[in-house]
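Participant: Give me a model of this one.
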Amino acid sequence: MSISVVILAAGQGTRMKSPTPKVLHQISGKAMLFHVIDAAQSLSNDITVVLYHQADRIRKEIEAHYSGISFHMQNVQEFPGTGGAMKGVEVRHDKVLILNGDMPLMTKESLLSLVQGDAHINMSVLKLEDPSGYGRVMIDEENAKEIVEEKDCTPEQKKIQTVNAGVYCIQKEILKQYIPCLNNKNAQAEYYLTDIIKMAAQEHKTIHPVYVAEEEFKGVNSKLDLAIAEEIMQRRIRNEWMKKGVIMHLPETIYIDSQAAFEGECILENGVCIQGKSRLCNAHIKAHSVIEESHIENSDIGPMGHIRPHSKITNTHIGNFVEIKKSTLNGVKAGHLAYIGDASIEEGTNLGAGVITCNYDGKNKHKTTIGKNVFVGSDTQLIAPIFIEDDVMIAAGTTVNKDIKQGELAISRTPLRTVQNFFYKFFLTEKKKQSGEK
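Facilitator: Residues are numbered from 1 along each chain as shown. I've put the predicted structure just below:
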């Protein structure tokens, strides 16, 4: 589609009360600005992001995830406001879709309604019971005539319920004609992009109001807005995956990252958290388990399991209170209460309760390699780096600090010592002391 997109992301976002730029606050695992860029890329190959506040930081984040994005630095000192943001912006195509970096809930479908037709301007509008906080839109028959910012509204204009949603599709020639004509004679002493509507209407340009859904054009200005947007995004993500076949128990309690993906028949029980670019295939994730940026296939996890980033788990049973970090497990059983970090473990191996890999020496992380059909008894410590070959048994309570050869038994225990009648001697002595007897 021959359309250019300009994303306004220059604002400071003071209401967020955060040192993090507003547009980099995350929703469902992705910066809100990235959700906007994704929607823009579904329509255009010419995308410009307008920056000012913490511009270098935002640009670096964008360039780490996207290519082909153009940038424009707003001259805020001389030309503050949304109109000032568009001064000097160069685009390739004849239609220009102007978006806001703090509107992460827009979809391709909602934006398509704004780019259709041949009007000089398509502008998004909302019909609200409570229009407070929004610029009011004056509409004459089917044409918008003017947008009046709330601070500049008369008492009568404040009663108007049709408001500006803040997204526009404007012909490039209209922008070239009217952007230089903007002034800052208003309550905020800013250059309003919205003033173009009145200018264009006075010269009988066609300005089509496009009614849109409030949910999709909701701006995020505070931590409260951020939480509300997160709820909406999570509902969308869960609904989409359930339609594709994922089973969810109490879905409203489940968190799924926007980058996660599922294949086959997956089951997510209540309280599950799937983070990052996790990939699950025929997986059963039980209640209150956390999966972080990992691959789970033909396996069950939990309840209350924790799979940390860069793990690959296939044909494996991970039970309750088991933590796996940066490890590859294939055909393994770890039923409960274990920590496995920086390890590679092969099929048929069983890890007992309390087994841990001692992978960190205070300076560096080290790898544990365990072969096939290894039985690791409860309360065993595996001190990395270490290699345990196939068909090995490790006795409960063993500290393993060297490689174990195939077929061997590894056992390290202090011989058991018993003292006859110690129980009675100990407690009778204590009682005599307390009573003062000799």
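
Participant: Distance of residue 364 relative to residue 342?
Facilitator: Taking Cβ to Cβ, to the nearest Å as the measure, residue 364 and residue 342 are separated by 10 Å. Heads up, the C-betas are built off the backbone N, CA and C, glycines and all.

Participant: Same drill for those two, tell me which one is more crowded.
Facilitator: Neighbour totals were compared for residue 364 and residue 342, and residue 342 leads with 18 against 9 (other Cβ atoms under 10 Å).

Participant: dump the residue contacts of that one.
Facilitator: 325-327, 357, 359, 365-368, 384 (Cβ atoms under 8 Å, 6 or more residues apart in numbering).

Participant: let's see 10 Å
Facilitator: For residue 342, the set of contacting residues under the criterion of Cβ atoms under 10 Å, 6 or more residues apart in numbering consists of 310, 325-327, 357, 359-360, 365-369, 384-385.

Participant: How about residue 196?
Facilitator: Residues near residue 196 by Cβ under 10 Å, 6+ apart: 82-83, 86, 120-121, 123, 147, 168, 170, 174-175, 177-179, 181-182, 205, 207.

Participant: swap the cut-off to 6 Å and go again
Facilitator: Applying Cβ atoms under 6 Å, 6 or more residues apart in numbering, one finds that residue 196 lies in contact with residue 178.

Participant: Please report phi then psi for residue 135.
Facilitator: With angles defined as degrees, to the nearest 10, residue 135 shows backbone torsions of phi -70, psi 140.

Participant: My error: substitute residue 208 in the last question.
Facilitator: Dihedral angles of residue 208 (phi, psi; degrees, to the nearest 10) stand at phi -100, psi 120.

Participant: Can you verify my assumption that it contacts residue 121?
Facilitator: No. The pair formed by residue 208 and residue 121 falls short of the contact definition of Cβ atoms under 6 Å, at 7.0 Å.

Participant: Please identify which of these two sits among more neighbours.
Facilitator: For residue 208 versus residue 121, the count of surrounding residues by other Cβ under 10 Å is larger for residue 121: 22 against 18.

Participant: Provide the count of other residues in contact range of the nearest residue to the more buried one once chain neighbours are set aside.
Facilitator: Nearest residue to residue 121 in three dimensions, chain neighbours excluded: residue 207, at 4.5 Å (Cβ to Cβ, 6 or more residues apart in numbering). Applying other Cβ under 10 Å, we find 27 other residues in the vicinity of residue 207.

Participant: Please name the residues that touch residue 207.
Facilitator: For residue 207, the set of contacting residues under the criterion of Cβ under 6 Å, 6+ apart consists of 121, 143-144, 197, 200-201.

Participant: so of those residues, which ones are in helices?
Facilitator: Taking DSSP state H, the ones among the contacts of residue 207 that sit in helices are 197, 200-201.

Participant: partner residues bridging the residue nearest to residue 308 when sequence neighbours are not counted?
Facilitator: The spatial neighbour of residue 308 that comes closest, neighbours along the chain excluded (Cβ to Cβ, 6+ apart), is residue 325 at 3.9 Å. Beta-bridge pairing of residue 325 under DSSP bridges involves residue 341.

Participant: Looking at residue 325 now. What's its pLDDT?
Facilitator: According to the model's per-residue confidence, residue 325 sits at a pLDDT of 98.

Participant: burial of it, as a residue count?
Facilitator: Residue 325 has 20 neighbours, counted by other Cβ under 10 Å.

Participant: how about the helices of the stretch 1-150 of the chain, start to end?
Facilitator: Per DSSP state H, counting those that start in this stretch, the stretch 1-150 of the chain carries helices over the ranges 32-41, 55-65, 81-86, 108-115.

Participant: ugh, typo on my part, it should be the stretch 301-438 of the chain
Facilitator: Under the criterion DSSP H, counting those that start in this stretch, the stretch 301-438 of the chain carries helices at the ranges 422-435.

Participant: pLDDT weak spots in it?
Facilitator: 429-438 (pLDDT under 70).

Participant: Apply 50 and report the result again.
Facilitator: Low-confidence regions of the stretch 301-438 of the chain, defined here as pLDDT under 50, do not occur.

Participant: Got the domain ranges for the chain?
Facilitator: Listed domain ranges for the chain are 3-211, 223-410 (source: automatic domain parsing).

Participant: Off-centre distance for the shortest one?
Facilitator: Okay, so that is domain 223-410. Its chain's average C-alpha position is 21 Å from that of domain 223-410, according to Cα atoms, centre = their mean, to the nearest Å.

Participant: Check stretch 41-53 too.
Facilitator: 20 Å.

Participant: Just the buried positions in that stretch, please.
Facilitator: 43-44, 46-53 (16 or more other Cβ atoms under 10 Å).

Participant: Which one of these is nearest to residue 268?
Facilitator: Top of the list for closeness to residue 268, among these and by Cβ to Cβ, is residue 43 at 32.2 Å.

Participant: quick one: which of the buried residues of stretch 41-53 sit in strands?
Facilitator: Judged by DSSP state E, the buried residues of stretch 41-53 include 46-51 as members of strands.
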